[in-house]
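**Q** Provided below are the primary sequence and the corresponding predicted coordinates.
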Amino acid sequence: MSAAMDRVRSLFKKRDDEVEEEYQPLTEESRSFDESHGRDETDETPFSWIDYGLFAILGVAMLWAWNMFLAAAPYFQLRFQDDDWILSNFQSAIISVSTLGNLGSMIVLTNVQYTASYPFRINLALCINVVIFTLLTASTAIFLDASPLVYLVFLLAAVAFTAWAAGLIQNGAFAFASSFGRPEYMQAIMAGQGVAGVLPALVQVISVLVAPPADATAGVEEGVSSGNGKAAFIYFLTAVIISLIALVAFIPLVKRHNRIVENRMMEHMAASMTSIESAERAARKVVSMLTLFRKLHWLAGGVFMCFAVAMFFPVFTPKILSVTPPEDAGLLLQPAAFIPLGFLFWNLGDLGGRTSSLFLSLRDRPALLFVASIARFLFLPLYALCNLHGKGAVINSDVFYLLLVQFPYGFTTGWLGSNCMMAAGEWVEDGEREASGGFMGLALVAGLAFGSLLSFTAAGI
């Protein structure tokens, strides 16, 4: 067992002799500083599978809120059925408010470094989600007679608060994980995000198989009212529970972090440093965005492009139907189940990619990661070979679509994104790790925002 653990840990040891000269993150001066303080591999924070699991829970909570908004779309359609304009535009409004709010909060938070309390940001984000999703849960049972406009204002306000919370937890969690000096913990957050993508899609497929939807000719009120109201109640309540679990799971992580800082205080800090906060700030370097970009330009560009390209899959996936005609297809191949199945295979690939980055590492080749992130545009023409809008497929196979398009598209997203995020802390000095984590989180969110806008170019296909 110990030999296996040593093998896993050895994957994460920094290999200076393999570092690319043109992308050298540490100067000779900084190396001398590290050596003078006795920094070597034995001083690294020990890896803990318990801590890994707790960071994964934070990753789940980070994206669960957004996935609940997606899962509740049929319920929102019910609430807006009396207003055609809102019914047609509420999804675009949710996406715009969410991405812009998230990006704005990340820009502000990334520039506030020295006085930042990353545990406070994480706790505040989780508390905001608990309050907002409690209100949304209650809204499925009370004030049902509110007009579509009133409910839209309420919903967009909720989205804005959760977008701000998403910025807080993304900035806080990535920076907090970087402070441990273990790239595995950054990967744990990415893996948790993958789980948050898989579970809602899996639940959607199962729900269709267990309780088939009403006939398409039935009215909205007859077909989805009671069922969607109960489903939305469960979705929102689940988001509350996940946030509460993450709040509890975060407590031992903070204690563990404080012990690490205390040990560093005793070894390196002056005697006047009498508190955890003062020790953290003394060790923390305030780094400009330009400086971080100079050190992490390949990695930041890689994660930006990785998630920008990924935003095309939600545009194409709802348009791809099974090649089996509906009259001959079983329940799983009907659009109500096959479309969520497409999302499930993409997210399974994404989760597999995030997990495999523990063993398939390319963190010492950041320029190659950037090139690979751009090359993923090659996946987009493959959708033209599938059954778009049910008009027929060039390659008449659902297996081709699910296993050779969706799964590898998701896999490369998870693998590239995780490698870029994990590598960031290895290309900066110790005091810059927290700032690098926040900076990479900003690049990730910026990629999502840019990709969501770019994906409109494919909306009419």
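**A** Received, thanks.
**Q** so what's Cys306 up against?
**A** The contact partners of Cys306, by C-beta atoms under 8 Å, 6 or more residues apart in numbering, come to Ser373, Arg376, Thr413, Leu416, Gly417, Cys420, Gly447. The C-beta positions use only the backbone N, C-alpha and C, and glycine is treated the same way.
**Q** how about those residues, which pair is most distant?
**A** Arg376 and Cys420 (12.7 Å; C-beta to C-beta).
**Q** mind checking which helix or strand Pro46 is in?
**A** Here Pro46 is covered by no helix or strand, with elements defined by DSSP states H and E.
**Q** Which ones among the contacts of Cys306 lie within helices?
**A** For the contacts of Cys306, membership in helices holds for Ser373, Thr413, Leu416, Gly417, Cys420, Gly447, with DSSP state H as the criterion.
**Q** Of these, grab the buried ones for PyMOL.
**A** Under the burial definition 16 or more other C-beta atoms under 10 Å, those of the ones in helices among the contacts of Cys306 that qualify are selected in PyMOL by:
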select buried, resi 373+413+416+417+420+447
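**Q** export the ones in helices among the contacts of Cys306 to CSV and tack on pLDDT and distance to Trp64?
**A** Putting the ones in helices among the contacts of Cys306 into CSV (pLDDT from 0 to 100; distance: C-beta to C-beta, whole Å) gives the following:
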residue, pLDDT, distance to Trp64
Ser373, 94, 26
Thr413, 95, 18
Leu416, 94, 23
Gly417, 92, 18
Cys420, 92, 23
Gly447, 89, 20
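**Q** Any regions of the stretch 301-450 of the chain where pLDDT drops low?
**A** Residues of the stretch 301-450 of the chain that meet the criterion pLDDT under 70 are absent altogether.
**Q** what's the closest non-adjacent residue to Ser357?
**A** Ranked by C-beta to C-beta, 6 or more residues apart in numbering and with sequence neighbours excluded, the top spatial neighbour of Ser357 is Ser418, at 3.8 Å.
**Q** OK, contacts around that neighbour?
**A** If a contact means C-beta under 8 Å, 6+ apart, then Ser418 has Met186, Gln187, Met190, Ala191, Gly353, Arg354, Ser357 as its contacts.
**Q** One more pass at 6 Å, please.
**A** Ser418 makes contact with Gln187, Met190, Arg354, Ser357, according to C-beta atoms under 6 Å, 6 or more residues apart in numbering.
**Q** Repeat that for Gly59.
**A** The contact partners of Gly59, by C-beta under 6 Å, 6+ apart, come to Ile189, Gly192, Gln193.
**Q** buried sites along the helix or strand harbouring the first one?
**A** Okay, so that is Ile189. Secondary structure here is read from DSSP H and E; on that basis Ile189 sits in helix 183-210. Judged by neighbour count (16+ other C-beta under 10 Å), helix 183-210 contains these buried residues: 183-205, 207-208.
**Q** just stretch 453-461 next, same as before
**A** Counting neighbours by 16+ other C-beta under 10 Å, one finds that the buried residues in stretch 453-461 are Ser455.
**Q** How about stretch 312-321?
**A** Within stretch 312-321, the residues scored as buried using 16+ other C-beta under 10 Å are Phe312, Phe313, Val315, Phe316, Thr317, Lys319, Ile320, Leu321.
**Q** what's the distance between the second one and Ser207?
**A** Phe313 sits 22 Å away from Ser207 when distances are taken as C-beta to C-beta, to the nearest Å.
**Q** for the stretch 51-200 of the chain, what are the low-confidence residue spans?
**A** For the stretch 51-200 of the chain, the stretches with pLDDT under 70 are 71, 112-116.
**Q** repeat that with 90
**A** When residues are selected by pLDDT under 90, those of the stretch 51-200 of the chain lie in 51, 53-55, 59-122, 137, 139-147, 163, 166-200.
**Q** So which bits of stretch 355-368 are buried?
**A** For stretch 355-368, a neighbour-count test (16+ other C-beta under 10 Å) marks Thr355, Ser356, Ser357, Leu358, Ser361, Leu362, Arg363, Asp364, Arg365, Pro366 as buried.
**Q** for the third one, what are its contacts?
**A** Contacts were defined as C-beta under 6 Å, 6+ apart; by that measure Ser357 touches Gln187, Trp415, Ser418, Asn419.
**Q** so which two of those are the farthest from each other?
**A** Longest distance between any two of the contacts of Ser357 is 10.4 Å, between Gln187 and Trp415; criterion C-beta to C-beta.
**Q** what are the ranges of the helices in the stretch 151-300 of the chain?
**A** When secondary structure is read from DSSP state H, counting those that start in this stretch, the stretch 151-300 of the chain shows helices at 183-210, 220-268, 276-283, 289-310.
**Q** Show me the one of these that comes nearest Arg121.
**A** Ranking those by proximity to Arg121 (C-beta to C-beta) places helix 220-268 first, at 11.2 Å.
**Q** measure Leu385 to Ile320 for me?
**A** From Leu385 across to Ile320, the span is 10 Å (C-beta to C-beta).
**Q** Please apply the same query to Leu402.
**A** In this structure, Leu402 and Ile320 are 9 Å apart, going by C-beta to C-beta.
**Q** What of Ala246?
**A** 34 Å.
**Q** Quick one: the contacts of Ser357 as a markdown table, columns for distance to Asp83 too.
**A** Output for the contacts of Ser357, formatted as a markdown table (distance: C-beta to C-beta, whole Å):
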| residue | distance to Asp83 |
| --- | --- |
| Gln187 | 44 |
| Trp415 | 43 |
| Ser418 | 42 |
| Asn419 | 45 |
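**Q** so which of those would you say is closest to Ala329?
**A** Among the contacts of Ser357, Trp415 lies closest to Ala329 (C-beta to C-beta), at 32.7 Å.
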